[in-house]
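Novice: The following comprises the amino acid sequence and a computationally predicted model.
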Amino acid sequence: MATGGLFCIPNWLTYSIRGHAPLEVFFEDSRFAQAFESDRELRRRYGTERAKKLQIRRSALRAAETLEDLRHAPGRCHELTGNYAGLLSLDLDGPYRLFFRPVEETDPKPGGGLDWTKVTAVVVTDVVDPH
């Protein structure tokens with residue numbers, strides 16, 4: 001389903017165990033969205049090791065209710081700076097990262113920075129070696 005140029009994988013799990021809506025995950029690229037949902041396609045595109053990490057990150061994104069749920073999860077979710085300001089990343093293998101950004105701007109938390117508790121939807125942009 002397309003939403004303003006973004007592609008969303010239908011989420012069959014409408015509510016998490018706690019009864020809250022899960023983090024919505026959109027994609028900038030429809031081909032990447034389809035590959036992200038296919039274990040076989042992930043292995044073909046990225047190799048076995050990176051595909052395994054992407055599968056783990058996919059599960060973490062699906063299990064989260066807000067971005068805050070990913071802050072202390074495996075994968076070292078963190079905000080980026082410099083040329084990548086406005087993006088966040090999750091570690092994959094070696095120097096590779098899964099880049100994404102919040103769908104909408106949120107009010108910054110007191111003291112500045114992204115208020116992770118307010119982010120309920122993200123757009124996955126790419127798998128990147130930022131180094």
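Specialist: Perfect, I can see it now.
Novice: What mean pLDDT does the lengthiest strand in the chain get?
Specialist: Looking across the chain with DSSP state E, the single longest strand is strand 121-128. Across strand 121-128, the average pLDDT comes to 95.
Novice: Over to stretch 94-112?
Specialist: When pLDDT is averaged along stretch 94-112, the result is 87.
Novice: what residues does that stretch touch?
Specialist: With contacts defined as CB atoms under 8 Å, 6 or more residues apart in numbering, stretch 94-112 is touched by 6, 24, 26, 50, 54, 57, 67, 80, 84, 86-92, 114-115, 118-119, 121-131. All C-beta atoms are positioned from the backbone trio N, CA, C, and that covers glycine.
Novice: quick one: buried residues of that stretch?
Specialist: Applying a neighbour-count criterion of 16 or more other CB atoms under 10 Å, one finds 96-103 buried in stretch 94-112.
Novice: Check stretch 112-129 too.
Specialist: Quick answer for stretch 112-129 (16+ other CB under 10 Å): 114-116, 118-125, 127.
Novice: Tell me, what's the model's pLDDT at residue 21?
Specialist: 80.
Novice: Tell me the secondary structure at it.
Specialist: Secondary structure, DSSP: H, G, I helix; E, B strand; the rest coil: residue 21 is coil.
Novice: Hmm, it is touching residue 62, no?
Specialist: No. If you go by CB atoms under 8 Å, residue 21 and residue 62 don't touch, sitting 11.9 Å apart.
Novice: which ones are touching residue 87?
Specialist: Counting by CB under 8 Å, 6+ apart, residue 87 has contacts 79-80, 99-101, 125.
Novice: These in strands, which ones?
Specialist: Counting by DSSP E, those contribute 79, 99-101, 125 to strands.
Novice: which two in those residues are spaced the farthest apart?
Specialist: Spatially, the most separated pair among the ones in strands among the contacts of residue 87 is 79 and 125, at 14.1 Å (CB to CB).
Novice: now the longest helix anywhere in the chain against strand 121-128, angle please.
Specialist: The single longest helix within the chain, with elements called by DSSP state H, is helix 39-63. Computed by axes from the mean of the first three to the mean of the last three CA atoms, to 10 degrees, the angle separating helix 39-63 from strand 121-128 equals 140 degrees.
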